[in-house]
Structures are given as structure tokens and as C-alpha cells.
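Chemist: fold the following.
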Amino acid sequence: MLPYSPEGLHVTIPTPEALRKGMGTGEIFQAACVKCDEYHNLHVDLGPIRGLIPREETALGISTNQTKDYAIISRVGKPVCFQVLTFDSRGNAILSRRAAQSEARDYFLSALRPGDVIPAVVLNPAPFGVFCDIGCGFPALMRISRCCVSRLETTASHFRPGQVIHAAVLDIDDALGQVQLTGRELLGTWEENAARFRPGQTVPGTVRSVMPYGIFVELTPNLSGLAETVEGVTPGCPVSVYIRSILPQKHKIKLNIIETLPAAIEPVLEYTFTGGHLDRWEYFPGSSALTVF
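Modeler: From the prediction side, this is the model:
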């Protein structure tokens, strides 16, 4: 287990005694943020005592305007990591999330290497990718092309804030202090995904692209099949499909669209690898989906 957990994992509300002891050791705690006041200070639920994270201590980059205030206000109702700076005259704990993030960042930049598989919590699905918390609120980006083999129009179709995922480290930029992630390597090869289906089955899917020669339908985030053209379907449309054939030698699945479905299908990220290290991954032999870490 990594020494720095994403916010929301392994939450245990600290006792006043633990907080006072932690002030001297630099221990990192987690507790729920219950309010962001008009000065953008965060108030933290510490049980019998009050916890306050001053605005300049709420996140890396806040004091230099490199981080937007959304990073502060979006923590209300969610766990936050922090170190204890001091106690004021009324016994309130003055905390720093920035210090916890700085310590986690320095660790990740020095200890992680491409191919390491780590847990993460989704912060914000954006059009170009997914920002994830890999420890103490320190963000890392998974670009949309790295989320899965399917060609997504938006990451919001597969990810939601607070979702716990697994990811592999793709790149580390020491100069910029940034980590990039990839997820498709953990969601199985073509063969592993195709093994979940049989010809003759009818299953739900999601239309990913409509081409002149047919319609690509996602069966899992790392597996799509080709259906014959029908009217009235567009990318993102949920459908039921009949599996006509599975062709392992050609790595193809042929489908027939039965009908459109009334509600969107919630994609399930079924991981085939969740820990350790990857050196190389290939979707199928000769595939363009090849990663060498």
C-alpha cells in the first residue's frame, strides 16, 4: 500500500489526542469538510474540537493562483487530508491540506515509475480526460485516449466524481511536478473481454461511432463489435445487440442491433490487473493499442 491515500480512502476521524501528537510528527489525517466560509477557509469536522484550514493552506498552488478556487469549494461534504499546524488559544486545530499535498507530491515524483499500478479517486471528468486524486488530493491526469480502448466522446460516460479506480502511471514530469495516468491496460485484452460473451447472446451495449459501413457498439470499455447500419441511432445511444459471431483470428465481433434502450447503460470497469507493475501491454498481437512503460 502506498503511504499516501487518495482523499476518501481509509478515512478514520482522529481523536484530539492523536491530533496533538500528530502536530509534532507530521502525521497526515483525513476528516470531512463541512463548510467553506466566505473567506474560502475550510472547516473540518473533528468531533469535539473545531478544525480550520486557512485559505492559503487549502491546496497546492492556491496562494500563487495556479490552482482555482473550485479546488477549495468542491471539497465541501467530502473528506480532506491535512497535517496539524498548531492549536489556537481556544483549542481549535489549525490545519494544512497544502502541506499534506506537498509531501505526497514529493513522494510520488521520486518513488513512482511508469508502469506502477496505483489506486485513485476521480476528481473531475473533463472533455479531454479525467483528473484523479492519487494521494492527499494531489491530482494526476488520465487523458481521454488512455481511459479505455473504446473511443469516448466524453469521459463523463465512464467516470463520476468520487469513483474509486485503478490506474497505471504513464509518465512523470519532474520539472512540472505532474503525473499522467493510463487505464486501458488494466481493463483486459481483446481475448479476455471477448471471453465474457458467446454467439447467440443478446446483451446491452452503447453506440460509440456510426460509420458508412456499420455501427460500432461498446460491449465493455475495452471491447466493441460492429453492427449493420440501422436508422435512428447516434453515438452514446444505449442499445440491445444480438451477437452473430465472434472471430478470434480477426479480433472482431459481428452484431445486430435489436432496439434502442430507454436508459443509458452504466459502464462497469472490470479490472484484470489492480496492483504491482506493468512493463508492457498489448491489446492483441499486432494491435496499435500497445504500451511499453
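Chemist: hey, which helix is longest across this structure?
Modeler: helix 97-111 (DSSP state H).
Chemist: could you list the low-pLDDT ranges of the chain?
Modeler: The model of the chain has pLDDT under 70 over residues 1.
Chemist: CA atoms of the longest helix of the chain as PDB?
Modeler: Listed next in PDB are the C-alpha coordinates belonging to helix 97-111 (Å, rounded to 0.1, in the frame of the first residue of the first chain):
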ATOM      1  CA  ARG A  97      -4.000  20.400   3.400                       C
ATOM      2  CA  ARG A  98      -1.300  22.100   1.200                       C
ATOM      3  CA  ALA A  99       1.500  20.600   3.400                       C
ATOM      4  CA  ALA A 100       0.000  17.100   3.100                       C
ATOM      5  CA  GLN A 101      -0.300  17.500  -0.700                       C
ATOM      6  CA  SER A 102       3.300  18.800  -0.900                       C
ATOM      7  CA  GLU A 103       4.600  15.800   1.000                       C
ATOM      8  CA  ALA A 104       2.600  13.400  -1.200                       C
ATOM      9  CA  ARG A 105       3.700  15.100  -4.400                       C
ATOM     10  CA  ASP A 106       7.400  14.900  -3.500                       C
ATOM     11  CA  TYR A 107       7.000  11.200  -2.700                       C
ATOM     12  CA  PHE A 108       5.200  10.400  -5.900                       C
ATOM     13  CA  LEU A 109       7.600  12.300  -8.100                       C
ATOM     14  CA  SER A 110      10.600  10.400  -6.500                       C
ATOM     15  CA  ALA A 111       9.100   7.000  -5.800                       C
END
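Chemist: what is that helix packed up against?
Modeler: strand 79-87, strand 129-135, strand 138-143 (3 or more CB pairs under 8 Å, 6 or more residues apart in numbering; DSSP states H and E). In short, each C-beta sits where N, CA and C put it, glycine included.
Chemist: can you tell me which of those strands is most buried?
Modeler: strand 129-135 (a mean of 24; mean count of other CB atoms under 10 Å).
Chemist: per the record, what domains does the chain have?
Modeler: 16-104, 112-187, 190-258 (automatic domain parsing).
Chemist: list the residues that contact Asp88.
Modeler: Ile94 (CB atoms under 8 Å, 6 or more residues apart in numbering).
Chemist: again with the one 4 residues further on
Modeler: Residues in contact with Asn92 (CB under 8 Å, 6+ apart) are 49-52.
Chemist: still on that earlier bit, kindly present the domains of the chain as JSON lines, with separate columns for distance to Gly286.
Modeler: Compiled in JSON lines, the domains of the chain are given as follows (distance: least, CB to CB, whole Å):
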{"stretch": "domain 16-104", "distance to Gly286": "40"}
{"stretch": "domain 112-187", "distance to Gly286": "15"}
{"stretch": "domain 190-258", "distance to Gly286": "9"}
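Chemist: for Ser5, which of these is the nearest?
Modeler: domain 112-187 (6.1 Å; CB to CB).
Chemist: just the CA atoms of stretch 156-175, as PDB, please.
Modeler: Only the C-alpha atoms of stretch 156-175 are listed here, as PDB (Å, rounded to 0.1, in the frame of the first residue of the first chain):
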ATOM      1  CA  ALA A 156     -18.300  11.600 -18.100                       C
ATOM      2  CA  SER A 157     -19.800   8.500 -19.700                       C
ATOM      3  CA  HIS A 158     -17.500   6.200 -17.700                       C
ATOM      4  CA  PHE A 159     -16.400   8.200 -14.700                       C
ATOM      5  CA  ARG A 160     -18.000  10.200 -11.900                       C
ATOM      6  CA  PRO A 161     -16.600  12.300  -9.100                       C
ATOM      7  CA  GLY A 162     -15.700  10.200  -6.100                       C
ATOM      8  CA  GLN A 163     -15.400   6.900  -8.100                       C
ATOM      9  CA  VAL A 164     -12.500   4.700  -6.900                       C
ATOM     10  CA  ILE A 165     -10.500   3.400  -9.900                       C
ATOM     11  CA  HIS A 166      -7.200   1.700 -10.600                       C
ATOM     12  CA  ALA A 167      -4.600   3.300 -13.000                       C
ATOM     13  CA  ALA A 168      -1.100   2.800 -14.200                       C
ATOM     14  CA  VAL A 169       1.500   5.500 -14.200                       C
ATOM     15  CA  LEU A 170       2.200   6.600 -17.800                       C
ATOM     16  CA  ASP A 171       4.600   9.400 -17.300                       C
ATOM     17  CA  ILE A 172       6.200  11.500 -14.600                       C
ATOM     18  CA  ASP A 173       7.300  15.100 -15.300                       C
ATOM     19  CA  ASP A 174       9.600  16.200 -12.500                       C
ATOM     20  CA  ALA A 175      10.100  19.700 -13.900                       C
END
